[in-house]
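In: 3D, please:
(one chain, ligands or ions: 4)
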Amino acid sequence: MSTTREKLVVVGNGMAGIGMLEQIIKLGGRYDIQVIGSEPHPNYNRIMLSYVLEGTKTIDDIVLNDWSWYEQHGIQLHTGTTVTRIDAEARKILTDTGLEIPYDKLIIATGSKPFMLPIPGIDKDGVVGFRDIADCQRMKEAASSYRKAAVIGGGLLGLEAAKGLVSLGMDVTVVHLMEDLMERQLDHNASSMLQAELERQGIKFAMGKQTVELTGDQRVNGLLFKDGSRLDADFVVMAVGIQPNTAVAAGSGMKVNRGIVVDDYMQTSLPDVYAVGECVEHRGVCYGLVAPLFEQGLVLAKRLCGVDTKPYEGSVVATKLKISGVDVFSAGEFMDTDEHTVISAKDDWKRTYKKVLLRGNQIVGAVLFGDVSEAANLQKLVRQQAEMNDEIYGSIMGTDCCGGGTKKAASVETMADDEIVCGCNGVTKQAIVQAITEQGLTTVDEIKACTGATRSCGGCKPVVEDILKYVLGDGFAAAAKKGICGCTTMDRDEIVAEIKTKGLRTIREVMHVLGWSQEEGCSKCRPALNYYLGMIYPDTYEDEAESRFVNERMSANIQKDGTFTVVPRMYGGVTTPEDLKRIADVSLKYDVKVVKVTGGQRLDLIGVKKEDLPKVWEELDMPSGYAYAKSLRTVKTCVGSQFCRFGTQDSMSMGELLERKFERLDFPAKLKLAVNGCPRNCAESSTKDIGIVGNDGGWEIFIGGNGGIKARLADSFSKVKSDDELVEICGAVMQLYRETANYLERTSEWVERLGLDTIRAQVVEDAANRKALMERIELALAQVEDPWKKLLRNPHKRGMLFEHKEPVL
Ligand SMILES: Cc1cc2nc3c(=O)[nH]c(=O)nc-3n(C[C@H](O)[C@H](O)[C@H](O)COP(=O)(O)OP(=O)(O)OC[C@H]3O[C@@H](n4cnc5c(N)ncnc54)[C@H](O)[C@@H]3O)c2cc1C
Ligand SMILES: NC(=O)c1ccc[n+]([C@@H]2O[C@H](COP(=O)([O-])OP(=O)(O)OC[C@H]3O[C@@H](n4cnc5c(N)ncnc54)[C@H](O)[C@@H]3O)[C@@H](O)[C@H]2O)c1
Ligand code: SF4
Ligand code: FES
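Out: Ligands and ions are numbered 1, 2, ... in the order given. Below is the predicted model of the structure:
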């Protein structure tokens, strides 16, 4: 028996080709594999280029299979190499680098290229498509040297490109041929709501414009439209659709229409030659999204491994725009006709819109704007062409009152094993179930690390969570439960509940009554219990300073040389010449080593000796900036409407108001805010725990942002019309966070754990609950006092903490 393996050659090192190879590896296929790719990179997640452009991901972050993956699986990779010809008779491919590689089975996965409008000026400098890493780098470079960008095409790609360029500081106009954006996915209602939202985020639009020429000398300097009008632009991104890469296939005699024609098993018109991905035309359709290409890849991989498979019968596509704060979803049919039964709801105040289309009684399409919590569910229903019934209606249209959890579990049960749950990464229900049962996974994060599901747009997270609940059943709650430290098996919720029901009042009492394994507790549980008790009994609990971390005990940040830092409060980042003079005098007098402007717009006096701290605070006579505390740190503001010509809201005054109102309160972890006068967002709301952005009609609130190690963009949470509403929603969010977060849990983790919808339901939708939360935070706020003022009044404590010779650590 021959031991020689068959030669499998893949042309194209993109998501489709490599996704299919991953399946072959999983199925144990035995081939000698070679991959040829034009780009100089290993396989990466093309869809994440939008995030690379806006700066929230790096190229390294989006690599799907690094160089070692190819080595590990014995795959020979030729990067920077383009296949120029297929010799189907001699069964070999030829490359631009002079390679001739024989094959037994050949897979074409050459994807698409951006369609460049055939107009005069298209070859000028400063005109790019947006398809690969090189394009992305060109765009980032342009943003550092040029200011006015035009993006031609208001589809998914054009809008994501425009948002990325706005984030890079460019002045961006989207030029769109039609009157409605994303007209291939959205109806007029959703489209106009989308446009309004994107305008709020700083994108400009030129609608119904046909570009007939790109003007300029060597470099583009503008666009000329058919109606004679013009637009200045020194950088142009072409995003008017894509064209399958078929040249090599066509040149080898394969049947090619718009794409390479394949049958239901991805076979081309030539023997032993297959094709997958965007280069393919299947039953007359060329796809431009990743979910179909993973479905195609799975069928082909099974075929090549001799595993029984259903034919590929086409995909029902769903889209989600990857722009933070813009929730829009579309699946299946989206334009209503006389043949449809239409279920719809539009709320102009909340700026939400839902539409579900039925043919007969079958769900054949859906469009959502503003609230996409039902997206994953609807995507499945549309794919299954499910029959509408009262239960489904109730859950989608929000008239449901009970039993949601049970229904979700049931709907997971009816999913086919090979149904793709994560479209972006081609992960099936079966792969997730196997990962849970065989590897003992208990969290979505573990499933993400193991299977890749939820790794990209995150749209599949609710379904992954449902699968987790469904597979683990009662074990889900047990698995999720972990003691807060080694001293107890109780989690936060249980401890807080026991403190309340048993009326426990001190740390020692909690540890004793709840059976702590170590009588004195540990450095993990003591600060946590101190916080929980203070949160539960704000007006009566006696804070135990010795249970706090050293920085909080000293009300200053200790540095590596043993000195401390002093950060005076500057409300909203605004100061006065008098305060600055005092800071300068004190800095000189006490020999401050460095005065540093912090990321939160405050002044940090670094290098103050421990014994000088009380005197420094006394002479500064300014409130503490709490730079050491699990508390409200800073409210960063932009200039806003007082001075900025773009400003629609007074961000400086609002920042000051919020900082004065909520300072000094204990939180589970540090809390940072930002307030902006308009969607240009100069004070960077998206990386703050609470980010506020002014707009013409009021304010938009974002929550759960984080710019630290685990960076996370804040989610759009609520839009309000008045300053009072803004303060109330912010206060209620803060109190809910105080009451439900684990100690040290940042809002970025808290929002992911609780879910935005749960938080919104308690804070925005339930007015009575919001009021109650506000009352409780007001009670807590009534107790707070500046720690330095308090300390300076207490000579004994001052002596003990700062003039005592023993180390305090
Ligand atoms: C910015 C951006 C954002 C996107 N966002 C989403 C999203 O959110 N959701 C979604 O579903 N889809 C999204 N897409 C679309 C998605 O990325 C594509 O559907 C997917 O990458 C197509 O995979 P593919 O393997 O068929 O083609 P590609 O990923 O294009 O891979 C083809 C590879 O083949 C190489 N190649 C071509 N010709 C040759 C040759 N002759 N010899 C050697 N190599 C060759 C190309 O250089 C390329 O590397 C996005 C696309 C872009 C550009
Ligand atoms: N979030 C996502 O799912 C996502 C994001 C980016 C890209 N993609 C995919 O990448 C591919 C490319 O995206 P795309 O947006 O370029 O393609 P597209 O075909 O979806 O949209 C192109 C848009 O350009 C408009 N247009 C066409 N000719 C024009 C002209 N002369 N002037 C102005 N506008 C014109 C069209 O009306 C259309 O709305 C698509 O397959 C898309 O699905 C998906
Ligand atoms: S400073 Fe404020 S108001 Fe002015 S452009 Fe920036 S975000 Fe808008
Ligand atoms: S569907 Fe986008 S990450 Fe899963």
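
In: where does this structure dip in pLDDT?
Out: The chain contains residues with pLDDT under 70 at 1-3, 324, 399-411, 477-481, 803-809.

In: tell me how it divides into domains.
Out: Residue ranges for the domains of the chain, per automatic domain parsing: 6-112+244-304, 116-240, 492-547, 629-785.

In: so which of those gets nearest ligand 4?
Out: Across the domains of the chain, ligand 4 has its closest neighbour in domain 6-112+244-304 (7.7 Å, CB to the nearest ligand atom). In this view, the C-beta of every residue, glycine as well, is placed from N, C-alpha and C.

In: so which bits of this protein are right by ligand 1?
Out: Counting by CB under 6 Å from any ligand atom, the chain comes close to ligand 1 at 11-17, 36-39, 46-47, 49-50, 82-83, 109-112, 130-131, 157, 245, 248, 277-278, 288-291, 293, 322, 457.

In: mind checking which of the residues you listed land in helices?
Out: Those of the residues of the chain next to ligand 1 mapping onto helices are 15-17, 49-50, 157, 248, 290-291, 293, per DSSP state H.

In: gap between residue 347 and ligand 2?
Out: From residue 347 across to ligand 2, the span is 24 Å (CB to the nearest ligand atom, to the nearest Å).

In: OK, contacts around that residue?
Out: 353, 370 (CB atoms under 8 Å, 6 or more residues apart in numbering).

In: and for the one 5 residues further on?
Out: Contacts of residue 352 were listed using CB under 8 Å, 6+ apart, and they are 345-346, 369-371.

In: 7 Å instead?
Out: Contacts of residue 352 were listed using CB atoms under 7 Å, 6 or more residues apart in numbering, and they are 369-371.

In: please indicate which of these are buried?
Out: Listed as buried from the contacts of residue 352 are 369-371; burial here means 16 or more other CB atoms under 10 Å.

In: next step: these restricted to strands.
Out: residue 369 (DSSP state E).

In: how about a markdown table for the buried ones among the contacts of residue 352, with distance to residue 90 added?
Out: Below are the buried ones among the contacts of residue 352 laid out as a markdown table (distance: CB to CB, whole Å):
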| residue | distance to residue 90 |
| --- | --- |
| 369 | 55 |
| 370 | 58 |
| 371 | 58 |
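
In: among the buried ones among the contacts of residue 352, which are in reach of ligand 3?
Out: Counting by CB under 6 Å from any ligand atom, no member of the buried ones among the contacts of residue 352 is near ligand 3.

In: nearest residue to residue 582 other than its sequence neighbours?
Out: Leaving aside its chain neighbours, residue 582 sits nearest to residue 620 (6.1 Å; criterion: CB to CB, 6 or more residues apart in numbering).

In: contacts only, for residue 181.
Out: Going by CB under 7 Å, 6+ apart, residue 181 touches 154, 159, 191, 194-195.

In: which element is it on?
Out: For residue 181, there is no host helix or strand (DSSP states H and E).

In: so the residue in the stretch 501-650 of the chain positioned nearest to ligand 2 versus residue 472, what's the distance?
Out: Relative to ligand 2, the nearest point of the stretch 501-650 of the chain is residue 646 (26.5 Å; CB to the nearest ligand atom). According to CB to CB, to the nearest Å, residue 646 stands 50 Å off from residue 472.

In: with residue 583 instead?
Out: In terms of CB to CB, residue 583 sits 56 Å off from residue 472.

In: when the two are compared, which one has more neighbours?
Out: residue 583 (21 against 17; other CB atoms under 10 Å).

In: interface residues of this protein facing ligand 4?
Out: Counting by CB under 6 Å from any ligand atom, the chain sits next to ligand 4 at 422-425, 453-460.

In: what do you get if the cut-off is 5 Å, keeping everything else the same?
Out: 422-424, 456-457, 459-460 (CB under 5 Å from any ligand atom).

In: of those residues - the most surrounded one?
Out: Within those, most neighbours by other CB under 10 Å means residue 422, with 29 neighbours.

In: tell me who's in contact with that residue.
Out: Residue 422 touches 453-454, 460, counting by CB under 7 Å, 6+ apart.

In: again, 8 Å this time
Out: By CB under 8 Å, 6+ apart, the contact list for residue 422 reads 451-456, 460, 464.

In: where's residue 195, which helix or strand?
Out: helix 188-200.

In: and that helix, which residues are buried?
Out: Of all the residues in helix 188-200, those buried under the rule 16+ other CB under 10 Å are 190-195, 197-198, 200.

In: residues making contact with it?
Out: So helix 188-200 is in contact with 159, 162-163, 174, 180-183, 186, 205, 207, 321, 323, 325-326, 328, 330, 346, 351, 353, 355, 367-370, 679, 693, 695-696, 700, going by CB under 8 Å, 6+ apart.

In: among those residues, name the ones in strands.
Out: Mapping the contacts of helix 188-200 onto strands (DSSP E) picks out 174, 205, 328, 330, 346, 353, 355, 367-369, 693, 695, 700.

In: up against ligand 2, what does the protein have?
Out: So the chain meets ligand 2 at 152-153, 155-157, 176-178, 239-242, 288, 319, 322 (CB under 5 Å from any ligand atom).

In: and the gap between the residue nearest the centre of the chain and residue 57?
Out: With distances taken as CA atoms, centre = their mean, residue 713 lies nearest the centre of the chain, 5.5 Å away. Applying CB to CB, the value for residue 713 to residue 57 is 11 Å.

In: tell me the buried residues in stretch 758-772?
Out: Those buried within stretch 758-772 under the rule 16+ other CB under 10 Å are 759-760, 762-764, 770.

In: sorry, slip of the keys, the one I care about is stretch 592-610.
Out: 592, 598, 600-608, 610.

In: now swap in stretch 343-354 and tell me
Out: 343, 351-354.

In: which SSE is residue 434 in?
Out: Residue 434 belongs to helix 429-439 when assigned by DSSP H and E.

In: contacts for that helix?
Out: 412, 415-419, 421, 441-442, 446-447, 450-451, 453, 464, 467-468, 471-472.

In: residue boundaries of the helices in the stretch 451-600 of the chain?
Out: 461-472, 474-480, 492-502, 507-513, 525-536, 550-554, 577-589 (DSSP state H, counting those that start in this stretch).

In: redo those helices as CSV? Include distance to residue 74.
Out: Shown next, in CSV, are the helices of the stretch 451-600 of the chain (distance: least, CB to CB, whole Å):
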stretch, distance to residue 74
helix 461-472, 31
helix 474-480, 37
helix 492-502, 48
helix 507-513, 57
helix 525-536, 50
helix 550-554, 53
helix 577-589, 64
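
In: what helices or strands is the longest helix anywhere in the chain leaning on?
Out: The longest helix of the chain (DSSP H) is helix 723-740. Judged by 3 or more CB pairs under 8 Å, 6 or more residues apart in numbering; DSSP states H and E, helix 723-740 is in contact with helix 651-662, strand 671-676, strand 690-695, strand 698-703, strand 715-720, helix 747-754, helix 767-781.
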